[in-house]
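Novice: predicted model and sequence follow; I will ask about them next.
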4 protein chains.
Amino acid sequence: MYERVWTVRFSDTDMHGIAHYPRIVDAVHETSDMFMQEIGWPYWRTHEEEGYGLPLVEANFEFERPLHGGDEVTVGLTPDLGNRSVRFTYEARVEGDLSFSAYEQRVCQATGAEGAMPIPDALREAMEPYAAD
Amino acid sequence: MYERVWTVRFSDTDMHGIAHYPRIVDAVHETSDMFMQEIGWPYWRTHEEEGYGLPLVEANFEFERPLHGGDEVTVGLTPDLGNRSVRFTYEARVEGDLSFSAYEQRVCQATGAEGAMPIPDALREAMEPYAAD
Amino acid sequence: MYERVWTVRFSDTDMHGIAHYPRIVDAVHETSDMFMQEIGWPYWRTHEEEGYGLPLVEANFEFERPLHGGDEVTVGLTPDLGNRSVRFTYEARVEGDLSFSAYEQRVCQATGAEGAMPIPDALREAMEPYAAD
Amino acid sequence: MYERVWTVRFSDTDMHGIAHYPRIVDAVHETSDMFMQEIGWPYWRTHEEEGYGLPLVEANFEFERPLHGGDEVTVGLTPDLGNRSVRFTYEARVEGDLSFSAYEQRVCQATGAEGAMPIPDALREAMEPYAAD
């Protein structure tokens, strides 16, 4: 699992001081971006240098507890590797309590092509240390 | 069904001219807000005057075709009414082709309370003309 | 002057029901995008087909009155054309009262180049009907 | 001066891999939020517990060099304290080169009131260590 801490900002919150859900989606997406950078495969590298990407086919969010301005949210990402696709599963906790969970189903696809391609071995090997046992 | 047209903006798009998915989530959320305003129950009225809201418990997005800057996207919202909850189902099309679909599962909840309350009759009646047969 | 109406959404507002200022900046930027599309020169056309753009060198915002969820904000854009640059000036009103004003100073620049180029005549002619006398 | 590092994300960038300017504004605003939290006066504390805030009256941004996905941007904030107002001045650098500068002019104002109030001593003392000599 890869983890990062997201601090909920005042500009993320509504009239009850609760985070607007599109701001939660921003934080999930940012986490996927941080993970790809952490493993040495930032999205701009895969797109520009390698000629493929991991476009999203589905995203799902379940909200358990509201988040407030100032909350320190530990967002964990676990990649679940298929042959031509990868699912990023997220769990977000504040002081141990589950705030939201989510997943992003992504496929591996050559830029401009239709259909999926196998995940290249080097990318697979970079993700595997973060996968669940 | 309630419908609105969302134009994909340059600032919504990535290096391939394709809309970033958090911007699509923004457009879905904006559509729910426009719908509530259309039926005379904007979120700020339910929260401030009526003392309840429709917090989100789950959101799901399926992406069928990429969206490009300048695309005119017809986003349709259909409410599916339960006793204490409502599901907003979305279908988004460009020139008739499905671009993405989504749903938001919402519960009716008094401000500050736990657990769900029945959807008030007046709100139910305002939504029913947009529900599927 | 080009005008559009921006409705402040619940997801744009803070704990006092007042619009977060980054959401106002989004609305200003969206207005410039709508204007360029209106005159037949959307940003994606200038970039992709014409090989130049109007990158921003300065932006300024003055906030006169807070905006609330549900406010219908008439945002006016007036282009002020120089030889190699253009300033978009904005005034935003709710029921006639000034809410905020802003400007964006943009230069005309070939993609990938340094320094400014003259604004092409066709783009200039498309903007002129919206300029102040 | 207070400093933080902002990493430009793929979802912040356009078709040239350059950051959209509303995303830069988001990063500036986030920096002010992080600063207020750092000094022990997060916006939610001043608003909820203290009954006043620091609403924005003007914001200005000057863009010197484009930012790209993956850039590590050191954003510095220097508060310049007046009696009833404070200006936050920003300088953002990538590997030492100025990318953008900005300022936010804020006034101290009781919640719901008109006009400005003196900045409370405790808040002033919390900011002073970060002010320029």
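Specialist: Perfect, I can see it now.

Novice: use CA for all of it now, contacts and neighbours both
Specialist: OK.

Novice: helix or strand for A:Glu104, which one?
Specialist: Using DSSP states H and E, A:Glu104 sits in strand A:97-107.

Novice: so how far is the helix or strand following that strand off the chain centroid?
Specialist: Remark: after strand A:97-107, the chain's next helix or strand is strand A:109-110, criterion DSSP H and E. Mean-position distance between strand A:109-110 and its chain equals 19 Å (CA atoms, centre = their mean, to the nearest Å).

Novice: likewise stretch A:113-123?
Specialist: The answer for stretch A:113-123 is 18 Å, by CA atoms, centre = their mean.

Novice: before we move on, the earlier item: buried residues in the strand holding A:Glu104?
Specialist: Within strand A:97-107, the residues that qualify as buried are A:Leu98, A:Ser99, A:Phe100, A:Ser101, A:Ala102, A:Tyr103, A:Glu104, A:Gln105, A:Arg106, A:Val107, counting by 16 or more other CA atoms under 10 Å in any protein chain shown.

Novice: go ahead and confirm the fourth one touches A:Phe88.
Specialist: No - the pair A:Ser101 and A:Phe88 fails to qualify as a contact (CA atoms under 8 Å) at a distance of 10.8 Å.

Novice: what about the closest residue to chain C within chain A, which SS state?
Specialist: Of all residues in chain A, A:Met15 sits closest to chain C, at 3.0 Å by CA to the nearest CA. Following DSSP: H, G, I helix; E, B strand; the rest coil, we place A:Met15 in the coil state.

Novice: against chain D, how distant is it?
Specialist: 11 Å (CA to the nearest CA, to the nearest Å).

Novice: for A:Gly70, what are its contacts?
Specialist: Contacts for A:Gly70 (CA atoms under 8 Å, 6 or more residues apart in numbering or on different chains) come out as A:Thr7, A:Val8, A:Arg9, A:Phe10, D:Pro42, D:Trp44.

Novice: and chain D, is the longest helix along chain A touching that?
Specialist: Using DSSP state H to define each element, chain A has its longest helix at helix A:21-38. Yes - applying CA under 8 Å from any CA of the partner chain, one finds helix A:21-38 touching chain D at A:His29, A:Glu30, A:Asp33.

Novice: same question for stretch A:71-85.
Specialist: No - counting by CA under 8 Å from any CA, chain D has no neighbours in stretch A:71-85; the shortest distance is 11.1 Å.

Novice: what sits up against that stretch?
Specialist: Outside stretch A:71-85, the residues that touch it by CA under 8 Å, 6+ apart are A:1-8, A:28, A:31-32, A:35, A:54, A:86-95, A:105-108, A:116-119, A:124, A:127-128, A:130-132.

Novice: now which of these would you call buried?
Specialist: Looks like those have A:1-8, A:28, A:31-32, A:35, A:54, A:86-94, A:105-108, A:116, A:119, A:124, A:127, A:130 buried, using 16+ other CA under 10 Å.

Novice: wasn't A:Trp44 part of a helix?
Specialist: Yes - assessed by three-state DSSP, A:Trp44 belongs to a helix.

Novice: and it, what pLDDT?
Specialist: pLDDT recorded at A:Trp44 is 75.

Novice: next up, the contacts around it.
Specialist: Neighbouring residues of A:Trp44 by CA under 8 Å, 6+ apart: D:Phe10, D:Gly17, D:Gly69, D:Gly70.

Novice: next secondary structure after the helix or strand bottoming out on mean pLDDT in chain A?
Specialist: Every helix and strand of chain A was ranked by mean pLDDT, DSSP states H and E. The lowest is helix A:43-45, at a mean of 78. Counting by DSSP H and E, the element after helix A:43-45 in chain order, helix or strand, is strand A:52-53.

Novice: one step back: ok, and which of the residues of helix A:21-38 next to chain D reach chain B?
Specialist: Among the residues of helix A:21-38 next to chain D, chain B is touched by A:His29 when using CA under 8 Å from any CA.

Novice: list the contacts for the most centrally placed residue in chain A?
Specialist: Geometric centre of chain A, nearest residue: A:Ser32, 3.2 Å, by CA atoms, centre = their mean. A:Ser32 is in contact with A:Leu77, A:Phe88, counting by CA under 8 Å, 6+ apart.

Novice: got phi/psi on the residue of chain A most remote from its centre?
Specialist: Largest separation from the mean C-alpha position in chain A: A:Met15, at 27.4 Å (CA atoms, centre = their mean). Main-chain dihedrals, A:Met15, degrees, to the nearest 10: phi -70, psi -10.
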